[in-house]
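A.B. asks: Take this sequence and fold it.
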Amino acid sequence: MALLNSFKDLLFSDMINHFDPKMLIMWAIGGLLIFLAIKKEMEPTLLLPMGFGAILVNLPFSGAITQILENGEEQEGALSVLFDAGIANELFPLILFIGIGAMIDFGPLLSNPKLMIFGAAAQFGIFFTLCMASMFFPINDAASIAIIGAADGPTSIVVANKLNSEYLGAIMVAAYSYMALVPIIQPPVIKLLTTKKERMIRMPYTQTEVKKTTRILFPIIITIVAGLVAPASVSLVGFLMFGNLIRECGVLNSLSETAQKVLANLITIFLGITIATKMHYESFLAPDTLLILGLGLFAFVFDTAGGVMFAKILNIFLPKGKKINPMIGAAGISAFPMSGRIVHKMGLQEDPQNFLLMHSIGVNVSGQIASVIAGGLILNFFM
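C.D. replies: Model (predicted):
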């Protein structure tokens with residue numbers, strides 16, 4: 001009994017000696033992410049694993065992450081191994097892109113190809129934030145931080161990894177958190193930049209049948225064009241378009257369903273909980289992290305504003321019956337399909353007969369393409 005008590009005292013003493021109050025802060029952050037996932041239903045498939053993982057890796061002697069023992073030996077942790085196997089080599093984000101591509105219907109965009117320009121305009125915040133971030137961070141880190149504005153978690157991971165950013169954890173958390181917070185961030189920005197009259201502009205949608213040949217050729221052509229313009233984006237665009245080709249080819253329906261549901265959900269779970277390895281209190285609770293979160297929000301807001309303002313500028317030159325509802329420009333970020341649905345919902349709030357869904361979704365899918373091309377351009381410039 002005395003031996004057992006001595007062992008308990010030694011273990012308890014060791015836990016106290018290795019406990020840091022900052023762990024409590026990380027537990028609170030993890031709890032907040034879990035709360036947002038369950039109570040507010042904000043991207044639960046991402047935020048819940050991230051929140052639980054944040055608690056998991058911030059326990060004393062956590063076996064979830066690799067630890068250096070007092071005798072100098074390295075004890076591998078399961079999440080650290082998973083990170084090296086799936087995120088450090090960009091495998092998880094790229095596989096996830098196959099699932100995302102299989103979910104996307106490019107029909108609304110192909111019916112109205114001019115919507116593609118709004119996806120490009122909504123990437124303005126990335127390059128503006130790059131200039132801002134370069135005042136505080138080395139250029140590769142600044143470029144990695146700027147891509148948060150794309151509202152595309154997988155792209156943010158790939159860019160930050162390839163540029164060897166030391167702030168990968170903060171960048172991943174910011175990118176996925178802001179994706180989840182789209183319903184909170186975008187509406188105030190849109191209302192600030194538009195008038196009620198502009199938000200009530202109706203855009204009739206004429207359903208145009210898109211031929212199957214066009215749907216099949218589109219992902220192939222986009223991959224080739226993107227590869228020529230930004231070779232570094234080939235893997236990003238290629239995996240996204242491969243997923244879409246599986247969807248549209250018509251002979252791989254079972255694979256398409258698997259990619260959309262089983263594959264995407266499984267990889268999302270692994271991705272979410274593995275990201276937590278970069279949320280250890282020693283590296284995460286630093287002034288630079290708060291600055292990165294602020295710059296990421298800045299990029300996100302300016303991407304939204306860029307799309308809205310571009311539409312407003314176009315309206316100056318368009319005749320009265322052809323005006324564009326500037327709200328659809330905000331859907332040019334990559335947060336698919338949340339941003340497109342939010343714009344549609346805001347249109348209905350202003351006018352119950354104003355149906356913007358097909359237009360906003362068309363812009364939203366163009367933003368998905370534009371964001372990965374923007375990521376490729378960033379890599380071309382700074383690798």
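A.B. asks: phi, psi of Gln67?
C.D. replies: Here is the backbone geometry of Gln67 (degrees, to the nearest 10): phi -120, psi 150.
A.B. asks: Tell me which residues touch the closest residue in space to it that isn't next to it in sequence, please.
C.D. replies: Nearest residue to Gln67 in three dimensions, chain neighbours excluded: Gln75, at 4.9 Å (C-beta to C-beta, 6 or more residues apart in numbering). (C-beta placed from N, C-alpha, C; glycine too.) Counting by C-beta atoms under 8 Å, 6 or more residues apart in numbering, Gln75 touches 63, 66-69.
A.B. asks: how near is Gln75 to Pro319?
C.D. replies: 69 Å (C-beta to C-beta, to the nearest Å).
A.B. asks: do Ile145 as well
C.D. replies: Distance from Ile145 to Pro319, by C-beta to C-beta: 41 Å.
A.B. asks: Show the low-confidence segments of the stretch 1-150 of the chain, by residue range.
C.D. replies: Residue ranges of the stretch 1-150 of the chain with pLDDT under 70: 1-18, 69-72.
A.B. asks: Now do the helices in it.
C.D. replies: 2-17, 21-38, 44-57, 78-86, 91-103, 107-111, 116-121, 124-133, 139-146 (DSSP state H, counting those that start in this stretch).
A.B. asks: does Ala121 really touch Ala330, like I thought?
C.D. replies: No. Counting by C-beta atoms under 8 Å, Ala121 stays clear of Ala330, with 10.3 Å between them.
A.B. asks: neighbour count winner among these two?
C.D. replies: Neighbour totals were compared for Ala121 and Ala330, and Ala330 leads with 33 against 23 (other C-beta atoms under 10 Å).
A.B. asks: Does the more buried one belong to a helix, a strand or coil?
C.D. replies: Recorded secondary structure, Ala330: helix (DSSP: H, G, I helix; E, B strand; the rest coil).
A.B. asks: who touches Leu252 in this structure?
C.D. replies: Neighbour list for Leu252: Ile246 [criterion: C-beta under 8 Å, 6+ apart].
A.B. asks: Please repeat the previous calculation with a cut-off of 10 Å.
C.D. replies: With contact taken as C-beta atoms under 10 Å, 6 or more residues apart in numbering, Leu252 is in contact with 102, 245-246, 258-259.
A.B. asks: and if you look at Leu228?
C.D. replies: Listed by C-beta under 10 Å, 6+ apart, the contact set of Leu228 reads Val234.
A.B. asks: I'd assumed Thr208 was in contact with Leu109.
C.D. replies: No. With contact defined as C-beta atoms under 10 Å, Leu109 does not count as touching Thr208 (11.2 Å).
A.B. asks: Which of these two has more residues huddled nearby?
C.D. replies: Neighbour totals were compared for Leu109 and Thr208, and Leu109 leads with 24 against 10 (other C-beta under 10 Å).
A.B. asks: Look up how far Val365 lies from the more buried one.
C.D. replies: For Leu109, the distance to Val365 (C-beta to C-beta) stands at 5 Å.
A.B. asks: quick one: common contacting residues for the two?
C.D. replies: Joint contacts of Leu109 and Val365 (C-beta under 10 Å, 6+ apart) are 115-116, 119.
A.B. asks: Quick check: neighbours shared by Ala121 and Ala330?
C.D. replies: Common neighbours of Ala121 and Ala330 (C-beta under 10 Å, 6+ apart) are 303, 306-309, 311, 363, 367.
A.B. asks: And the furthest pair within those?
C.D. replies: Largest separation among these by C-beta to C-beta: Met309 and Gly367, giving 15.2 Å.
A.B. asks: Which one's more surrounded, these two?
C.D. replies: Gly367 (34 against 18).
A.B. asks: from memory the more buried one sits against Ile126, does it?
C.D. replies: No. Counting by C-beta under 10 Å, Gly367 does not reach Ile126; the two are 11.5 Å apart.
A.B. asks: any chance you could map the helices in the stretch 251-383 of the chain?
C.D. replies: Under DSSP H, counting those that start in this stretch, the stretch 251-383 of the chain gives helices at 253-258, 264-275, 281-284, 287-317, 338-350, 357-382.
A.B. asks: ok, and which of those helices has the densest surroundings?
C.D. replies: helix 357-382 (a mean of 25; mean count of other C-beta atoms under 10 Å).
A.B. asks: Give me the average confidence score over that helix.
C.D. replies: For helix 357-382, mean pLDDT rounds to 86.
A.B. asks: Please state the offset of that helix from the chain centre?
C.D. replies: Relative to its chain's centre, helix 357-382 lies at 12 Å (C-alpha atoms, centre = their mean, to the nearest Å).
A.B. asks: Please apply the same query to stretch 28-45.
C.D. replies: Using C-alpha atoms, centre = their mean, the offset of stretch 28-45 from its chain centre is 16 Å.
A.B. asks: cool, stretch 245-261 as well?
C.D. replies: On C-alpha atoms, centre = their mean, the centre of stretch 245-261 falls 23 Å from that of its chain.
A.B. asks: mind checking the end-to-end distance for that stretch?
C.D. replies: Stretch 245-261 has an end-to-end distance of 16 Å (C-alpha to C-alpha, to the nearest Å).
A.B. asks: Please apply the same query to stretch 320-331.
C.D. replies: Stretch 320-331 has an end-to-end distance of 23 Å (criterion: C-alpha to C-alpha).
A.B. asks: can you tell me the average pLDDT over that stretch?
C.D. replies: Confidence over stretch 320-331, taken as the mean pLDDT, stands at 88.
A.B. asks: Name the residues of that stretch that are buried.
C.D. replies: 323-331 (16 or more other C-beta atoms under 10 Å).
A.B. asks: Using TSV, lay out those together with distance to Leu295.
C.D. replies: Formatted as TSV, these follow (distance: C-beta to C-beta, whole Å):
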residue	distance to Leu295
Lys323	34
Ile324	30
Asn325	30
Pro326	25
Met327	25
Ile328	26
Gly329	22
Ala330	20
Ala331	23
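A.B. asks: Thanks a lot, see you next time.
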